[in-house]
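Q: got a predicted structure here, sequence first:
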Amino acid sequence: MGYVAGIGGANMDVHGRSDAALVMRDSNPGTLHTSMGGVCRNICENLARLGEDVRLCTVVGNDVSGRSIMEGCREAGIDMTYTRMLEGEHTSSYISLMDETGDMLLAMSDMHIIKRLDERMVDEAAPLLLGAELVVCDGNLSGKTVRRLTEVCDRPLYLDPVSTAWAREIAPYIGFFDTVKPNRMELEALTGFPCTGEAETVFACDVLRGKGVRRVFVSMGADGMLYRGPEGTIRGRSRPLSAMVNATGAGDAAMAGIIHATLAGKDARGTLETAMAAGIIAVCSENTISAGMNPGEIERVIKEYIA
């Protein structure tokens, strides 16, 4: 079995959870927690915890956060050979504010360094990309970098769009991706079509498939996940959770679940269930990445909450 290559962002995350209902434009008592983040980095760590050989191409600054990310990723089992530590740059940072239920209300990111992950770095990382079983990237890459990635890489490309703003920049190149995992707002940004209902969401998925995307997994929050691919439409729902601790890393975990299940040869429904289970494990953890992420826990959650 080959390795997975990741190319995209790596951040230092700060999560704040309010003790009570948030009051805007005021200081709210709560709990602050710091951890490594970045969508592509998060996907890679989840994959490493699921037993996959994973290698990350990203950029960090030569600062406290950057050195912490490099050390933490290596400890998590991620190969960082193609990651560059840049002098004079600040490592990406991300802050999210969650309400008293653990659902994210607002977030802000400082990812200016990601501009340095450019076409030249894609060329330098060509040996990594061309030797991979598949390549996963996030929407933090610029349109020019994504275009170069599609020119250099002949491996199946997987995309997490990250946000509506980044999705719009990547939209012109979406047909080069094998598998895409947007939420409904990102799907609207990628296609220009509304996704308020299930029929509309399926139609938007077919717009992507018409452009060349093979599989679309749509994150639908508390409503579960919708799959649209060669097998048709599969709708996934889970039993209600007793408590949600931190919703921030759920989408990243779900993408890792999709990749892990695909490499294991699972069918479309099995892949959908694995993605949902990984997301559930993530929202039940205080950290962006759950220390309990492993194949055995995936199977337990599928049996208890999904199957």
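A: Cool, the structure landed.

Q: now for this protein, the helix or strand with the poorest mean pLDDT.
A: strand 104-110 (a mean of 86; mean pLDDT, DSSP states H and E).

Q: identify each buried residue in the next helix or strand after it, please.
A: Downstream of strand 104-110, the next assigned helix or strand under DSSP states H and E is helix 119-124. Within helix 119-124, the residues that count as buried by 16 or more other C-beta atoms under 10 Å are 119, 121, 122. Yep, even glycine has a C-beta here, placed from its N, CA and C like the rest.

Q: which neighbouring elements make contact with the following helix or strand past helix 119-124?
A: Following helix 119-124 in sequence order, the next helix or strand is helix 126-130 (DSSP H and E). Contacts defined by 3 or more C-beta pairs under 8 Å, 6 or more residues apart in numbering; DSSP states H and E place helix 126-130 against strand 4-7, strand 54-57, helix 143-152.

Q: can you redo these as JSON lines with mean neighbour count?
A: As requested, those are exported to JSON lines (neighbours: other C-beta atoms under 10 Å):
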{"stretch": "strand 4-7", "mean neighbour count": "29"}
{"stretch": "strand 54-57", "mean neighbour count": "26"}
{"stretch": "helix 143-152", "mean neighbour count": "18"}
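
Q: now these in CSV, with mean pLDDT and distance to residue 14?
A: Listed next are the helices and strands packed on helix 126-130 as CSV, based on pLDDT from 0 to 100; distance: least, C-beta to C-beta, whole Å:
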stretch, mean pLDDT, distance to residue 14
strand 4-7, 98, 22
strand 54-57, 98, 21
helix 143-152, 96, 26
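
Q: and the ones you listed as CSV, adding distance to residue 260?
A: Shown next, in CSV, are the helices and strands packed on helix 126-130 (distance: least, C-beta to C-beta, whole Å):
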stretch, distance to residue 260
strand 4-7, 9
strand 54-57, 10
helix 143-152, 22
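
Q: if we can go back for a sec, now do the buried residues in the least confident helix or strand of the chain.
A: residue 109.

Q: check the offset of it from the chain's centre.
A: 15 Å (C-alpha atoms, centre = their mean, to the nearest Å).

Q: likewise for stretch 2-16?
A: 8 Å.

Q: could I get the CA-only coordinates of that stretch as CSV?
A: What follows is stretch 2-16 as a C-alpha-only set of coordinates in CSV (Å, rounded to 0.1, in the frame of the first residue of the first chain):
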residue,chain,number,x,y,z
GLY,A,2,1.4,3.4,-1.0
TYR,A,3,1.4,6.6,1.0
VAL,A,4,-0.9,9.6,1.0
ALA,A,5,0.6,13.0,0.2
GLY,A,6,-1.0,16.2,1.6
ILE,A,7,-0.3,19.7,0.4
GLY,A,8,-1.9,22.7,2.1
GLY,A,9,-2.2,24.6,5.3
ALA,A,10,-0.8,24.1,8.8
ASN,A,11,-1.8,26.4,11.6
MET,A,12,-1.6,27.0,15.3
ASP,A,13,-5.3,27.0,16.5
VAL,A,14,-6.9,28.8,19.5
HIS,A,15,-10.4,27.6,20.4
GLY,A,16,-12.6,29.6,22.7
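
Q: what's the closest of the buried residues of helix 119-124 to residue 9?
A: residue 121 (12.9 Å; C-beta to C-beta).

Q: just to revisit the earlier point, tell me what the least confident helix or strand of the chain is packed against?
A: Judged by 3+ C-beta pairs under 8 Å, 6+ apart, strand 104-110 is in contact with strand 92-98.

Q: pull up the pairing partners for the strand it packs on, direction included.
A: Strand 92-98 has the following sheet partners, assigned by DSSP bridges: strand 11-18 (parallel), strand 104-110 (antiparallel).

Q: for residue 78, which of those strands is the nearest?
A: Here strand 11-18 is closest among these (C-beta to C-beta), at 14.5 Å.

Q: could you pull out the helices for the stretch 151-300 of the chain?
A: For the stretch 151-300 of the chain, the helices defined by DSSP state H, counting those that start in this stretch occupy 164-170, 184-191, 198-211, 250-263, 268-283, 295-301.

Q: low-scoring stretches of the stretch 1-150 of the chain, by residue?
A: 1 (pLDDT under 70).

Q: still on that earlier bit, can you put the strands paired with strand 92-98 in TSV and add distance to residue 267?
A: Converted to TSV, these look like this (distance: least, C-beta to C-beta, whole Å):
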stretch	distance to residue 267
strand 11-18	34
strand 104-110	32
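
Q: ok, which of the ones you listed comes nearest residue 31?
A: For the strands paired with strand 92-98, the distance to residue 31 is smallest for strand 11-18, at 5.2 Å, taking C-beta to C-beta.
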